[in-house]
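Colleague: Predicted model follows, preceded by the sequence.
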Amino acid sequence: MEMSDQHLLDTKGLGQFVHTDPWRVLRIQSEFVEGFGALADLGPAVSVFGSARTKPGSPYYEMGVEVGRKLAEAGVAVITGGGPGSMEAANRGAVEGNGVSVGLGIELPFEQGLNQWVDLGINFRYFFARKTMFVKYAQGFIVLPGGLGTLDELFEAMVLVQTRKVTSFPIVLLGVDFWGPMIDWIRGTLVAEGMVSEKDLDLIQVVDDPAEAVDRVLHVAVTPSLNGEQRPE
């Protein structure tokens, strides 16, 4: 199955832009308009990332459920990628906590639609439009163990904070044993080689307890929003 992102990025022939790409711009614009319209009144929210391959009943899945539930109980909406695994877990926890459960789905050949626990769902064709919604309408990230997609979202969030494109934006990683080797590599290789600074490690926090992860995000970013203050655009 060929996807919209694939069509956009696979340039074949010099005249393709004249015939097709301007129309894609309108489709991309429509995705932003739909996302902005659907989420404009969402209120305080946290984006939760994690692997689509996490199995129900596993420790990581249960972590996701607890994170979603505790965020909902605090009056904070839960935003996920809307798929299975850890995303489903966080959406499920949000529903069990009587909160708002948001799923931002993406067109992929190996994932079939939004999970059953999504109350407010939007499907995207383009990753970059979807990523904008993850950041624009959240006051922080909680990141469960995951693979390439999770790492992509994590490092993009870190770059946005490092470059001050977003402010007061906590990023909490859940699972010390899982994330510890990555942190060690960043410190032992990237910092040691001068590719990043030691203070860049302050952009993220790593904890083992879902309740602590939620508390740290709420303390840094969400509490001001609950009091009527908004994160700068």
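Modeller: Perfect, I can see it now. The structure displayed is predicted, hence computed values, not measured ones.

Colleague: Using the three-state scheme, assign Phe169.
Modeller: coil (DSSP: H, G, I helix; E, B strand; the rest coil).

Colleague: ok, it - how many residues close by?
Modeller: 21 (other Cβ atoms under 10 Å). C-betas here are computed from N, CA, C, even on glycine.

Colleague: Just say helix, strand or coil for the residue nearest to it when sequence neighbours are not counted.
Modeller: Using Cβ to Cβ, 6 or more residues apart in numbering and skipping the chain neighbours, the partner closest in space to Phe169 is Val161 (5.2 Å). Three-state assignment for Val161 (three-state DSSP): helix.

Colleague: what's stretch 121-133 in contact with?
Modeller: 3-5, 8, 27-28, 31-32, 34-35, 38-39, 79, 81-82, 102-107, 113-114, 153, 156 (Cβ atoms under 8 Å, 6 or more residues apart in numbering).

Colleague: I would like a ChimeraX command selecting only the buried ones among these, please.
Modeller: Buried subset of the contacts of stretch 121-133, written as a ChimeraX selection, criterion 16 or more other Cβ atoms under 10 Å:
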select :4,5,8,28,31,32,35,38,39,79,81,82,102,103,104,105,106,107,114,153
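
Colleague: separation between Tyr60 and Ile79?
Modeller: 18 Å (Cβ to Cβ, to the nearest Å).

Colleague: picking up where we left off before, and the contacts of stretch 121-133, which of them are in strands?
Modeller: Ile79, Val102, Gly103, Leu104, Gly105, Ile106 (DSSP state E).

Colleague: Could you tell me the model confidence score at the second one?
Modeller: Model confidence at Val102, given as pLDDT, is 98.

Colleague: from memory it sits against Asp41, does it?
Modeller: No: the pair Val102 / Asp41 is not scored as a contact, 12.0 Å apart, by Cβ atoms under 8 Å.

Colleague: got the contact list for the residue lying closest to Glu66 once chain neighbours are set aside?
Modeller: Sequence neighbours aside, Pro210 is the residue nearest to Glu66 in space, at 4.1 Å (criterion: Cβ to Cβ, 6+ apart). For Pro210, the contacting residues are Met63, Glu66, Val67, Lys70, Leu174, by Cβ under 8 Å, 6+ apart.
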